[in-house]
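# any chance you can model this:
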Amino acid sequence: MNILSSFINTLLLSIVELFYLLGVLMAIGFILGTIEKHSNKFLVRAFGPLGVLLTAWIGTPIHEIGHLIQCFIWGHRVSRVKLLQLNSPDGVLGFVEHHYNPNSVFQQVGNFFIGLGPIFSGIGSLILGMYLFVPQSFATFKAEIYQHVSFEKLDINVLRTIGGAVLAICKSLFTLHNLINPFFWIFLVLAISISSHIALSKADIQNSARGLLMIFFLLVFFNIVAGFLHLDSYRLIVTLGEYNAYVLAFSSIALLFSLVTLVFSFFLYKLKTV
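Numbers count the residues shown, from 1 in each chain. A predicted model of the protein is given here:
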């Protein structure tokens, strides 16, 4: 009975640790997906199926490049890649077909990060776009990260700090100087296009789920071993999970421009229906 109780406690502990390590990433993916769903709905209502294609020319390739890079990192064999296809009968705008060794724990874990690849490539592209086209805003973003975000326990204070950072970035972006700067408008078009295709597809989520299951099994195994060695595994996982403050900080850029895209698409929809 004690063994069963101990195993159940280990499973529960592993679930808590899993969400502490990866819950923020999964939550961000869900939020981005929800925003993108409504943004695309307004674009389709305004322009028909062509509405989504208006942003696909840059957003879809960056989405697929995110998958592709993670495939290389985690050792998956890539057999076919389509960064953009506009005439697919099933409506799929792009794909990365990859294969992995089911006996490789490393490659199975990689499924999780391959599925989330578009979030990484999307955030990276937005930050690169800021650096190239609106360097003053990039400098503000960099300063906010350097001064106010650090490895610390994820709590309400971290959320307030990141909220303040986002507000500072907004103030540096939407200025009169930028509104008359053509590079700002180029960046805004790119940002809206990227944000419109940063969310995960159903296939992406299914692929990530396979990797997530393997990560959970590894956590269970780790906690069992830690129990025998009398190690505080939870404290170690919590320490590792402090990187979430940076995940939130960098993801705030994607969330910000996803909301901008939502407002922009809603405005176009209303303008079209007047």
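# which of the residues in the helix or strand residue 118 falls within are buried?
Using DSSP states H and E, residue 118 sits in helix 117-133. By 16 or more other C-beta atoms under 10 Å, the buried positions in helix 117-133 come out as 117-127, 129-130, 133. All C-beta spots, glycine's among them, are computed from the backbone N, C-alpha and C.
# repeat for stretch 170-182
For stretch 170-182, burial by neighbour count (16+ other C-beta under 10 Å) applies to 172, 173, 178.
# mind putting these in CSV, distance to residue 5, secondary structure and pLDDT included?
Putting these into CSV (distance: C-beta to C-beta, whole Å; DSSP: H, G, I helix; E, B strand; the rest coil; pLDDT from 0 to 100) gives the following:
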residue, distance to residue 5, secondary structure, pLDDT
172, 55, helix, 81
173, 54, helix, 83
178, 60, helix, 85
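# state the mean pLDDT of the helix holding residue 118.
Helix 117-133 shows a mean pLDDT of 92.
# using CSV, write out every CA atom in it.
The C-alpha trace of helix 117-133 is given here as CSV (Å, rounded to 0.1, in the frame of the first residue of the first chain):
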residue,chain,number,x,y,z
GLY,A,117,8.9,25.5,-33.4
PRO,A,118,6.8,28.2,-34.9
ILE,A,119,6.6,30.0,-31.6
PHE,A,120,10.4,30.2,-31.4
SER,A,121,10.9,31.2,-35.0
GLY,A,122,8.0,33.7,-34.8
ILE,A,123,9.3,35.4,-31.7
GLY,A,124,12.9,35.4,-33.1
SER,A,125,11.7,36.9,-36.4
LEU,A,126,9.7,39.7,-34.6
ILE,A,127,12.8,40.6,-32.5
LEU,A,128,15.0,40.5,-35.6
GLY,A,129,12.5,42.8,-37.4
MET,A,130,12.6,45.3,-34.5
TYR,A,131,16.4,45.3,-34.6
LEU,A,132,16.5,45.9,-38.4
PHE,A,133,13.6,48.3,-38.9
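# where is the longest helix in this structure?
Secondary structure of the chain per DSSP state H: the longest helix is helix 2-47.
# wait, isn't residue 262 in contact with residue 35?
Yes: counting by C-beta atoms under 8 Å, residue 262 touches residue 35, with 5.4 Å between them.
# ok, now how distant is the residue most central in space within the chain from residue 7?
Per C-alpha atoms, centre = their mean, the C-alpha nearest to the average position across the chain is that of residue 119, at 2.8 Å. Noted for residue 119: a distance of 34 Å to residue 7, by C-beta to C-beta, to the nearest Å.
# kindly report the same for residue 101.
Separation of residue 101 from residue 7 (C-beta to C-beta) stands at 29 Å.
# one step back: next secondary structure element downstream of the longest helix of the chain?
Next along from helix 2-47, by DSSP H and E: helix 50-73.
# from the contact counts, what lies against that following helix?
Secondary-structure packing of helix 50-73 (3 or more C-beta pairs under 8 Å, 6 or more residues apart in numbering; DSSP states H and E): helix 2-47, strand 77-82, strand 95-99, helix 105-115, helix 117-133, helix 182-195.
# quick revisit: just want the angle from the longest helix of the chain to helix 117-133.
50 degrees (axes from the mean of the first three to the mean of the last three C-alpha atoms, to 10 degrees).
# tell me the angle of helix 2-47 relative to helix 50-73?
Computed by the same axes, to 10 degrees, the angle between helix 2-47 and helix 50-73 is 140 degrees.
# what about helix 2-47, distance to the chain center?
Relative to its parent chain, helix 2-47 has a centroid offset of 11 Å by C-alpha atoms, centre = their mean, to the nearest Å.
# which strands or helices does that helix pack on?
helix 50-73, helix 117-133, helix 202-228, helix 233-240, helix 244-273.
# hey, least reliable of those helices by pLDDT?
Here the helices and strands packed on helix 2-47 differ in mean pLDDT, and the lowest is helix 233-240 at a mean of 75.
# pull out the buried residues from it.
Buried positions in helix 233-240, judged by neighbour count with 16+ other C-beta under 10 Å: 233, 237, 238.
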